[in-house]
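> Pasting a predicted model and its sequence here:
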Amino acid sequence: MFGSLKFRIAFIAGVILALTMLVACGGDSATEEQVAATEAPAPQATAAPATAAPAATTAPAAPATTAPATAVPQATAAPVASAGGDDSHYSDAAKILMSGGALALAEANEEKPRYGGKFLTSGPELIPSADMHQTSFGGVYTITAPIYNGLLATSPYDPLALELIPDLATSWELADEGATVIFHLAENVKWHDGAPFSSDDVKYTIERIMFPPEGMVSPRKETLKSLIESVDTPDANTVVINGRGPSPLVLAVFSNGWQGIIPRHIVEPDPVNALKTVAIGTGPFKLRSEPTTLLWEYERNPDYFKEDLPYLDEIDYNIILDQQVRSTAILTKRTYWNESAPHPTLTDEQAQALKSQEDDIIISNATILTESHLALMTEREPFDDIRVRQAISEAIDRAGISELAGQKGTIGTGNFPLGPWALPAERQAALIGYGPDMEARRENARRLLAEYEAEKGEIDWSTMKLQCSTNIAFSIEYCQIIQPMLKEVGIDIELDPADVSQTRGNEVSGNFDLSLLGAGLDFDDPTDTFGQLYITDGGRWYQRRSIPELDALYEAQKFEPDFEKRRELTWQMDEIAMNDSSYMIMHWFLINHARWNFVKGWTASANIRSTNARMEYVWLDFPELPHTRP
């Protein structure tokens, strides 16, 4: 049915993950990342079958444009339960689905889905490949999500994306106080090429993420490795996850969209490259034709294993690089929203302009689990010296960035500022780079630099550059704001603008001096955030700065059952990381999302890597569409 793909497309970047949202209308999330710096072929459709700082106070967060954002509770996934018929570990949404199916879940949320229609969606970046496991680039996840399933999903009606529901696993049990999870898989599931799905595919997927073959980048491997000891498959329809200890993330990990299950028979022959050129899953939609640079077309999977799903017949995913063009496309209904996982590219002004022109457009906003960072390559001089790093942090006025920039954000540290692990204001106030007296901080920065140069010689800043991404608006904007801040303390450094495909590739390879980009995280939990950003050999350990004390605290907190004790360990990690100043947090983004009010079966989610991007519960409230499948 489909021929081999012959075009090539360039990398761009973006990632986004959300972890807090509006009470009134829900929040969305946005931006980020990428792993390679060269062109790659797009996926082929497959046929079926076949030191201390001055005292300070925390700067206020930027206001939301519609309603104040609420803090997200600690991710608990599901309570621990024993096997043997007890359903107390299931969410209400899961119980409804198990007993009555998708239509019952819709009815419980006062919806009566319509069948058919073509959904028009968009995204702001070009797509390198279909392999979501090798990137944290949000565009890859968003555009390929309709192809895949995971073991679990999140309810499309839960704005916090904490209600877990069945996906490939129709039921599950927890044992050993939550350290072991037993998944029972749906039967008679087939891949889009007609091959049978089994527990072997699940085991292969998890182990490929945890123990990637040489040449494969796996950003989430450390999170999974920190939680999982081994995976067993007693039979074709059962998967047993043997955890390293009880953790609320054991289940939550498998409801996160990044953990889509991949076909072993397709990937195993060439595990590093197979999914860069092939897009095949068990999911609700499959590619209708070969993708082009600016358009991916999907059609409903007629052999989908879930009764009554999906509701839509088709999806057209338009890649529109210019934000003004995207806004116009929404107004003219060439697209029905920004994107299923929006980027921080819709400013407050642009969002309100859309709303002022059309009352039926819904605007949502939220502070999300996506940070902007300034990473320093500590394997290069002078960034191997903490005095230089701390001087840079002291010179940067984080509150000033938010005041001057179009892309707003909430000031925070390595822990998400609106969640249960947020560092208390008085402790944040004592950190390097967070004091309210900028003149005192600048004087401290000059002192630190003078001390370094008296010992090691004058720093030649003309040989170093601050890299920024020309096609990621906040990156170039923040760099232009930070550059004169650094100059005030004697750091006269040149900007190095390039496409995000190059800048992100540089971060991954370590080929940079200073880099200002963003990173989206998967969960508001220190096992994930610190496991990716700060732990030795973490998935996004771009600064390459190993801190044994921090690593030890990380291991101590992972399975600590007492919340207060675990939080104190987490706060100590945060203080060490921020004062080390090798990977500095500028902000946690505040983003906006726009969609038409006829889009149903989808909630602006607190967790942008919720499974809403798979689109299987989305429907269009057009009166000409029937309430039953024709």
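Received it, and whenever you're ready, just let me know what you need.

> Counting neighbours, what do you get for Leu517?
Neighbours of Leu517 under the rule other CB atoms under 10 Å: 31. No exception for glycine: its C-beta is placed from N, CA and C like everyone else's.

> element containing Lys355, please.
Element membership for Lys355, per DSSP states H and E: helix 348-357.

> and that helix, what other elements does it pack with?
Helix 348-357 is packed against helix 323-331, strand 361-376, strand 583-596, with contacts defined by 3 or more CB pairs under 8 Å, 6 or more residues apart in numbering; DSSP states H and E.

> closest one to Ala94 among the ones you listed?
Between Ala94 and the helices and strands packed on helix 348-357, the shortest gap by CB to CB is with strand 361-376, which sits at 23.6 Å.

> Next, the angle from the closest one to strand 583-596.
If you take axes from the mean of the first three to the mean of the last three CA atoms, to 10 degrees, strand 361-376 sits at 160 degrees to strand 583-596.

> Can you tell me the strand partners of strand 361-376 and which way each runs?
Strand 361-376 has its sheet partners listed here by DSSP bridges as strand 514-520 (antiparallel), strand 583-596 (antiparallel).

> Reformat those as CSV; add distance to Trp191.
Converted to CSV, those look like this (distance: least, CB to CB, whole Å):
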stretch, distance to Trp191
strand 514-520, 28
strand 583-596, 31
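
> Please enumerate the helices of the stretch 251-400 of the chain.
Ranges of helices in the stretch 251-400 of the chain, per DSSP state H, counting those that start in this stretch, are 264-267, 274-277, 323-331, 348-357, 386-395, 398-404.

> ranking these by burial, who's on top?
Across the helices of the stretch 251-400 of the chain, averaging neighbours per residue (mean count of other CB atoms under 10 Å) puts helix 386-395 on top, at a mean of 24.

> which helices and strands does that helix pack with?
The contact analysis (3+ CB pairs under 8 Å, 6+ apart) places helix 386-395 against strand 361-376, helix 438-456, helix 473-487, helix 563-580.

> rerun at 10 Å
Secondary-structure packing of helix 386-395 (3 or more CB pairs under 10 Å, 6 or more residues apart in numbering; DSSP states H and E): strand 361-376, helix 438-456, helix 473-487, helix 563-580, strand 583-596.

> Okay, now the unreliable bits of the chain?
1-86, 342, 606-608 (pLDDT under 70).

> quick one on the thing from earlier: which among the helices and strands packed on helix 348-357 is found nearest to Ser198?
Across the helices and strands packed on helix 348-357, Ser198 has its closest neighbour in strand 361-376 (33.5 Å, CB to CB).

> can you tell which of the strands paired with strand 361-376 is closest to Glu173?
The minimum distance between Glu173 and the strands paired with strand 361-376 falls on strand 514-520, with 31.4 Å, by CB to CB.

> and the closest one, how far from the chain's centre?
Relative to its parent chain, strand 514-520 has a centroid offset of 13 Å by CA atoms, centre = their mean, to the nearest Å.

> Name the next helix or strand downstream of it, please.
Counting by DSSP H and E, what follows strand 514-520 is helix 526-533.

> Pull out the buried residues from the helix or strand where Pro234 lies.
Under the criterion DSSP H and E, the helix or strand holding Pro234 is strand 228-235. Residues of strand 228-235 classed as buried: 228, 231, 233 (neighbour count, 16 or more other CB atoms under 10 Å).

> residues touching the last one, list them.
I take that to be Thr233. 183, 185, 198-204, 239-240 (CB atoms under 10 Å, 6 or more residues apart in numbering).

> The same query, at a cut-off of 7 Å, please.
Neighbouring residues of Thr233 by CB atoms under 7 Å, 6 or more residues apart in numbering: 199-200, 203, 239.

> In helices only, show me those residues.
199-200, 203 (DSSP state H).

> Tell me the most packed of those, by neighbour count.
Ser199 (21 neighbours).

> Run through the residues that contact His133.
Going by CB under 7 Å, 6+ apart, His133 touches 208-209, 218.

> out of the residues you listed, which is most surrounded?
Ranked by neighbour count (other CB under 10 Å), the contacts of His133 have Ile209 at the top, with 23 neighbours.

> did I read that right, Pro213 in a strand?
No: counting by DSSP: H, G, I helix; E, B strand; the rest coil, one finds Pro213 to be coil, located in no strand.
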